[in-house]
Each structure stands twice: as C-alpha cells, then as structure tokens.
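K.L.:
sequence and predicted structure, then a few things I'm wondering about:
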Amino acid sequence: MQLRFDQDVEDFRADLIAFLDEHLPTDAGAAPRPRSTAHLPDWARRWQRVQFDAGWLVPGYPPEFGGRDAGIVQQYVHREELARRGIHESFNPQGVGIVAASLITFGTAEQQRRWAIPVLRGDLTAALAMSEPGAGSDLAGLSTRAVRDGDHFVVSGQKVWTSGAHDADVLLAFVRTDPDAPKHRGISAILIPTDLPGVERRPFASVADPDDLDFNEVFCTEVRVPAANIVGAVNEGWRVANGSLGHERTLLWLSFASRLDGLLADFHPATPLDADRYATLALDSQALRLLGSRALAGAARGEDDVAGLSVLKLLGSEAVQAGASAALTAAGPRGLIHPDVTARYSPLSLEESAPGWFERYVRSFAGTIAGGTSEIQRTIIAERVLGLPRR
C-alpha cells in the first residue's frame, strides 16, 4: 500500500516546514528544561505562543484556538513532520491536548476565554485530576465529593497520579455531585484553580528517577469552587471524561510509532536472540503504521471507528514496552546505568526519549496505563471489534 496525499495536503506540509525553518528555537535557546508536564520555561511559553499565533499549535482547532481548521490528514502530516524533527507538540501535553480540548468541546464561551485560550497560548498550564487511590483507572469509582452551596461547590477528596499538578495553574477534576445516582452518573467535571484555599499538592518521585517529580497527590479540603467552573452540565461528567480521553486517542498511535522508530534507531542487537527480538520490533512498527494508515484513510472518509483505535493503542503501547525490554536485556548490566543517554539529544522532545535503557523501559509502562489500560483496550476489542459475549 502506498499512501498518497493531495496537493493541498502537500502545500500544507510545505507551509509547516517553512514555519519551522523560520521559527524553531535553537538548541541553546531551549536549554532550561521543564521540571514537570505542567511547567513551561520562558522559552517554551514563547515557542508555544508563536505556534498558537501562527495556527500551528493544534492545526485541527479553529483559528481562534490556535489552529487552522485542518482535516485529519493534514493533522497527520503535522504530527509526522514534528516527529521527524524530534519536536513534541507541547510541554504541557494534558493541558493542551485534553483540558483545553475538553473546554473547546464542552465549555462555555467564558470558560474558553478564561482558561482554554490562556492554556493554549502558554500563559497558564493545566493538569488532569482523574485517578484516585481507591479507584485507579475506574473513573466511575471516584469518591471525591462536590456539594452545592449557593453559587459554589465545596470539593473534598483526594486525587493521585495527577501529572504536573504542583506546577499547574488549574486542574480539570472529576468529582461526584450526586452520591445517590448510579455509578456512572452523578459525576461532574469542574475546573479547580490550584491557588484556592484548601488545595494541597504533593509531588512524589517515579520509579524512573528520584528527581523525576511529575506525579502528585492532590488533596482538596472543603475547597470552594465557583459553580460557573462546572464543565458541561452538572452530573454529566462521564460524557466529558469520555470526550477528554477521546481527544487523546485519535492520532495517539503516531506517538507510539515515533517511539518505535527511536527504539529501532537506538537498539543495537549483539546476539542472534537480540536480532530476533529486533526483527519482531521492526515488524510491530510496520504493522502499526499500516494499521494506522488504514485508520487514517477511514477517518478521512468520515468513518468513526472508536473501537478500532483500541487496537492501535494496544499494539503500539505494548510493542514499545516489548521493544524497550528487549533493548534493556541486550544491553546487559550497562543497561542499568543511571543516568545515561541512549539516543541523540533533542531539546524539543520530552526527556523520556533519550535516557538510559532501564529508565526507557520503566517509562514504557505509562503507555499501557494512561488513556485506558491494556486490559480495558482488550475488553473493548473483544466486545466491540470481535463481537464476543460479555460472559
């Protein structure tokens, strides 16, 4: 199969390349590193603002939200060109890709003006507060409460694994507003400014590095949040949550394809067994791109195959994990050296793309958890793709 693009798509690509050639920060200019996924150094704020103003931040958005109403194929080309240059779309990925996207879809005009546009321009940063200690990936099992009190909601409860919360200006949090409703109902989405009294954020290290402070516990103790901060309708947070994660999934497979490309470039097999694992990695990479191209063509025709995206997410995330494991095994004791560098440094990429093999391996588990665990993806595939019975 050969993927061909119309002239308007190639013109779009040429415009993007010209923009990058003119405005891309230098390596020296991008030296101060973000300390979390909601921390933007000054240069990163400027770079994000330049992209927003030129319509290249998220091309699929309307111009007023930093885009140019690009179609799905043009969005693919945008992601493809960024990957070729080692450019990550934003150093506040959840803020841009999920929180702002949710506000564009479900928010009021005032919420979009007050929160979405500043997050997209890099003036503010945002984090997503979903998981809880007793619920994990089961959003419907959340217990954080929000009780109406006049023109406010009083929020109390705990979130965990909230990436970048200690550096974020606002959280998009999911709370239970009707404890008597069925499990998947009675949930609302609410914007919680992190400077409100009663909000406490405690960053904690990941297994990758004791200095990797991105995850947070977030404690809300009788936090008074304006009722105007509810996103969508009260008790319809489940709909917002599904939409939030949906924004993350459409071209998510491309991020896994890019990581597979990196593994193929950096993993140097030394034994016949290593070579066999390398070949498996190459085959997985090719399969992901072929299936992804098929999904792209379907989306361009207006097809809505949400369940099929689970196949891409499952294949991509687990192929990255298997490839990183193979590379770590092949490296032997040297693979445990930390800190270490296993790839060419790219200042516009996330830090996780170039560290030692052990760190690359343990970071790969995020891909099989975030955005819906592998177990959830298998259930979706079984029920909605293969048509298997629930029992």
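P.N.:
Happy to help now that I have it.
K.L.:
and Arg148, that one's in a strand?
P.N.:
Yes - assignment of Arg148 by DSSP: H, G, I helix; E, B strand; the rest coil places it within a strand.
K.L.:
report how many residues lie close to it.
P.N.:
12 (other Cβ atoms under 10 Å). Where you see a C-beta, it was placed from the backbone N, CA and C, and this is true even at glycine.
K.L.:
tell me if I'm right that it and Ala227 touch.
P.N.:
Yes - in this structure, Arg148 is within contact of Ala227 by Cβ atoms under 8 Å, at 7.0 Å.
K.L.:
ok, Leu288 - contacts?
P.N.:
Trp253, Phe256, Ala257, Leu260, Leu312, Leu315, Gly316, Ala319 (Cβ atoms under 8 Å, 6 or more residues apart in numbering).
K.L.:
the host helix or strand of it: what's the following helix or strand?
P.N.:
Using DSSP states H and E, Leu288 sits in helix 272-300. Helices and strands here follow DSSP H and E; after helix 272-300, the next one along the chain is helix 306-331.
K.L.:
so which of the contacts of Leu288 wins on neighbours?
P.N.:
Going by other Cβ under 10 Å, Gly316 tops those with 28 neighbours.
K.L.:
which one is that one nearest to, not counting chain neighbours?
P.N.:
Sequence neighbours aside, Phe256 is the residue nearest to Gly316 in space, at 2.8 Å (criterion: Cβ to Cβ, 6 or more residues apart in numbering).
K.L.:
if I look at the one you found, how far off is Gly71?
P.N.:
22 Å (Cβ to Cβ, to the nearest Å).
K.L.:
what's the answer for Phe12, then?
P.N.:
Distance of Phe12 to Gly71, given as Cβ to Cβ: 9 Å.
K.L.:
what does stretch 269-287 contact?
P.N.:
Residues from elsewhere that reach stretch 269-287, judged by Cβ under 8 Å, 6+ apart: 257, 260-261, 263-264, 267, 315, 319, 322-323, 326, 329-330.
K.L.:
buried residues in the helix holding Leu288?
P.N.:
For helix 272-300, a neighbour-count test (16 or more other Cβ atoms under 10 Å) marks 274, 277-278, 281, 284-285, 288-289, 291-292, 295-296, 299 as buried.
K.L.:
again, but for stretch 27-36
P.N.:
Neighbour counts over stretch 27-36 (16+ other Cβ under 10 Å) mark Ala30, Pro34, Arg35, Ser36 as buried.
K.L.:
could you dump that stretch to CSV, C-alpha only?
P.N.:
Only the C-alpha atoms of stretch 27-36 are listed here, as CSV (Å, rounded to 0.1, in the frame of the first residue of the first chain):
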residue,chain,number,x,y,z
ASP,A,27,19.3,24.1,20.9
ALA,A,28,20.9,26.7,23.1
GLY,A,29,17.7,28.7,23.4
ALA,A,30,15.8,25.6,24.6
ALA,A,31,18.4,24.8,27.3
PRO,A,32,16.3,25.3,30.6
ARG,A,33,14.4,22.1,30.9
PRO,A,34,10.8,21.7,32.1
ARG,A,35,10.6,20.2,35.5
SER,A,36,7.1,18.6,35.0
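K.L.:
rounded mean pLDDT for it, please.
P.N.:
Averaged across stretch 27-36, the pLDDT comes to 90.
K.L.:
same check, this time on stretch 323-340
P.N.:
The predicted model gives stretch 323-340 an average pLDDT of 94.
K.L.:
now do the same end-to-end measure for that stretch.
P.N.:
Stretch 323-340 has an end-to-end distance of 18 Å (criterion: Cα to Cα, to the nearest Å).
K.L.:
ok, now stretch 133-142?
P.N.:
End-to-end distance of stretch 133-142 (Cα to Cα): 9 Å.
K.L.:
who's in contact with it?
P.N.:
Stretch 133-142 has contacts (Cβ under 8 Å, 6+ apart) with 130-132, 143, 157-158, 160, 174-176, 183-184, 187, 238, 241, 369, 372-373, 376.
K.L.:
ok, now stretch 63-80?
P.N.:
Residues contacting stretch 63-80 (Cβ under 8 Å, 6+ apart): 5, 9, 12-13, 16, 51-53, 55-62, 89, 100, 104, 112, 116-117, 120-121, 250-251, 254, 296, 299-300.
K.L.:
what's the answer for stretch 198-217, then?
P.N.:
Residues from elsewhere that reach stretch 198-217, judged by Cβ under 8 Å, 6+ apart: 35-37, 127, 155, 158-166, 192-194, 218-224, 338-339, 352, 355, 359, 362-363.
K.L.:
mind listing what's buried in stretch 369-383?
P.N.:
Neighbour counts over stretch 369-383 (16+ other Cβ under 10 Å) mark Ile369, Ala370, Gly371, Gly372, Ser374, Ile376, Gln377, Ile380, Ile381 as buried.
K.L.:
nearest spatial neighbour of the fifth one, chain-adjacent residues omitted?
P.N.:
Right, Ser374. Distance criterion Cβ to Cβ, 6+ apart; nearest residue to Ser374, sequence neighbours excluded, is Thr368 at 4.6 Å.
K.L.:
pretty sure the one you found is touching Ala319, no?
P.N.:
No - Thr368 is not in contact with Ala319 according to Cβ under 8 Å; the separation is 10.4 Å.
K.L.:
between the two, what contacts are shared?
P.N.:
Counting by Cβ under 8 Å, 6+ apart, Thr368 and Ala319 have no contacts in common.
K.L.:
torsion angles phi and psi at the nearest residue to Thr177 once chain neighbours are set aside?
P.N.:
Sequence neighbours aside, Ser188 is the residue nearest to Thr177 in space, at 4.3 Å (criterion: Cβ to Cβ, 6+ apart). Dihedral pair for Ser188: phi -130, psi 150, per degrees, to the nearest 10.
K.L.:
thanks a lot, see you next time.
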